[in-house]
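Asks: fold the following and give me the result.
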Amino acid sequence: MKKGKGSAALACGGIVTGAVNGLFGGGGGMIVVPFLTGVAKKPPLVAHATAILVILPVSLVSAVFYLVNGYFDTELFLAVGLGVAFGGFLGARALNAMSAGEATVLFAAVMFAAGIRMII
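Replies: Sure, this is the predicted structure:
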C-alpha cells in the first residue's frame, strides 16, 4: 500500500470496525481480519494478531459508553469475563502454533458458523 492512500484506506477500515464493534458490542475482528489481509495485504497471522490489539481499545471505548448508559450487568461480566480472558490466552497460544492457512480456514469456518447460527 502506498503511504498516502494506504493511510486513508486504513483509517476508513478503522472507522467501519469501530462502528461495527460499537453497534454490536463486538464483532470488529470479522471486519479487521479480512480488511487487513485483503486491502492492506498483510499475512493472516499478522492480521489476526493485529485485530486483537486493535479491538482492545475499541472494546474499551464501547464498554465505557455501555456502562455510562446502564447497559451493564456486573454478575454477567464477572461470570463471562474470566472465561473470556482464559479463552483469549488459549486462543493466542493456538494462533501462534498455526500456519497462516490453518488460521484462515478456521477463521472462515467460525465466521460461517456464526452467520448460520444468526439465521437459524
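
Asks: P57 - how many residues pack around it?
Replies: Per other CB atoms under 10 Å, the neighbour tally for P57 reads 10. C-beta: built from backbone N, CA, C; applies to glycine.

Asks: secondary structure element for it?
Replies: Per DSSP states H and E, P57 falls inside helix 44-68.

Asks: elements contacting that helix?
Replies: helix 3-24, helix 29-38, helix 74-97, helix 100-119 (3 or more CB pairs under 8 Å, 6 or more residues apart in numbering; DSSP states H and E).

Asks: what is the mean pLDDT for the shortest one?
Replies: Looking back up the chat, that one is helix 29-38. Averaging pLDDT along helix 29-38 yields 88.

Asks: just the CA atoms of that helix, as CSV, please.
Replies: What follows is helix 29-38, C-alpha atoms only, in CSV (Å, rounded to 0.1, in the frame of the first residue of the first chain):
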residue,chain,number,x,y,z
GLY,A,29,-12.5,-8.8,14.2
MET,A,30,-14.7,-10.1,11.5
ILE,A,31,-14.1,-6.7,9.7
VAL,A,32,-10.5,-6.2,10.6
VAL,A,33,-9.0,-9.6,9.6
PRO,A,34,-10.5,-9.7,6.0
PHE,A,35,-9.7,-6.0,5.7
LEU,A,36,-6.0,-6.4,6.7
THR,A,37,-5.5,-9.5,4.6
GLY,A,38,-7.4,-8.2,1.5
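
Asks: circling back to that earlier point, most tightly packed of the helices and strands packed on helix 44-68?
Replies: Comparing the helices and strands packed on helix 44-68 by mean neighbour count (mean count of other CB atoms under 10 Å), helix 29-38 ranks first with a mean of 20.

Asks: which other helices and strands contact it?
Replies: helix 3-24, helix 44-68, helix 100-119.

Asks: give me that answer again for 7 Å
Replies: helix 3-24, helix 44-68 (3 or more CB pairs under 7 Å, 6 or more residues apart in numbering; DSSP states H and E).
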